[in-house]
Structure formats: C-alpha cells, structure tokens
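*Asks:* Sequence first, then the predicted structure:
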Amino acid sequence: MAKESEGVLSPRDVPDEYICSITFEIMEDPVFAMDGHSYERSAIEDWFTKNNRSPLTNEVIETRVVPNHNLKSIIAAYRDSYSAQQKQRRDAEAEIQRLEERLAQCDHSASAQECSINPLQKFSST
C-alpha cells in the first residue's frame, strides 16, 4: 500500500488485492475467473473476447466468471472507512488553522485574557 493522495482514494492507497491486474484500478465489480484470481468484471469479460488464457498465468482457462461478493463488500467498507478518515483529517486541519490564526492575533493583543485559547473549547460547549 502506498501513500494517500490529497484525500482522493487512488490505486496507490489500497491493498494490492483490491486492484484489478488488468486495469490497475480499484475494482468496483470484482469477479473470480477460473484461474482463481479476481478481476474487474468488465476488464476480464473484455479480455475473454480476445483470448481464453488467464491474464496472470497465461494458462488456457474456461471464460466463465463468478461474482466475488466478499471482495466487493470489503472494498466498499475500505472506501467508506477511508472517506471517514479523510473527513476527520480535514476537520482536524481546519481546527489547527483556526487555532494558528487565533495565536497570530494574540501576538498583537495587549490583553492576555483576550488571547486565552482553549483547544477543547469547540468540543466542550455541548
């Protein structure tokens, strides 16, 4: 798994098992081919219109595919989790920026009371 890219889930951000070895993209509709590997449905079906060999092993295989519901669910959960983490990160960065701006204002203020900053204030006002 590689580094995240500006809050957008990319193939570099996910485990290799979630990536189609034909398209090199995150699978949305993963299927098992008869070689035992998972591929994006449209990619493997297109592959099979041109030949009857496995894209990974080059062995002749049956061109039937079977939905991989488990992998589809796992990828969907990963996407949801990633989105939630990115939202938390953006919220934390916004709060840090707000506090930095407040500190910058305090540098110019004469009153220490005016500059009182409580980083938990935003969260304790409930």
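*Replies:* Perfect, thanks for sending it. Numbering: from 1, shown residues only.
*Asks:* pLDDT-wise, which helix or strand of this protein ranks last?
*Replies:* When the helices and strands of the chain are scored by mean pLDDT, DSSP states H and E, helix 121-124 comes last with a mean of 55.
*Asks:* For Lys50, see how far away Pro15 is.
*Replies:* 28 Å (CB to CB, to the nearest Å). The C-beta positions use only the backbone N, C-alpha and C, and glycine is treated the same way.
*Asks:* correction: Leu99
*Replies:* Distance, Leu99 to Lys50, by CB to CB: 58 Å.
*Asks:* Tell me which of those two has more neighbours.
*Replies:* Leu99 (15 against 7; other CB atoms under 10 Å).
*Asks:* Next, that one: phi, psi?
*Replies:* With angles defined as degrees, to the nearest 10, Leu99 sits at phi -70, psi -40.
*Asks:* same check, this time on Glu59
*Replies:* phi -80, psi 150.
*Asks:* what about it, neighbour count?
*Replies:* 10.
*Asks:* same check, this time on Glu25
*Replies:* With other CB under 10 Å as criterion, Glu25 counts 13.
*Asks:* That one is in contact with Ser42, isn't it?
*Replies:* No: using CB atoms under 8 Å, Glu25 is not in contact with Ser42; the gap is 10.5 Å.
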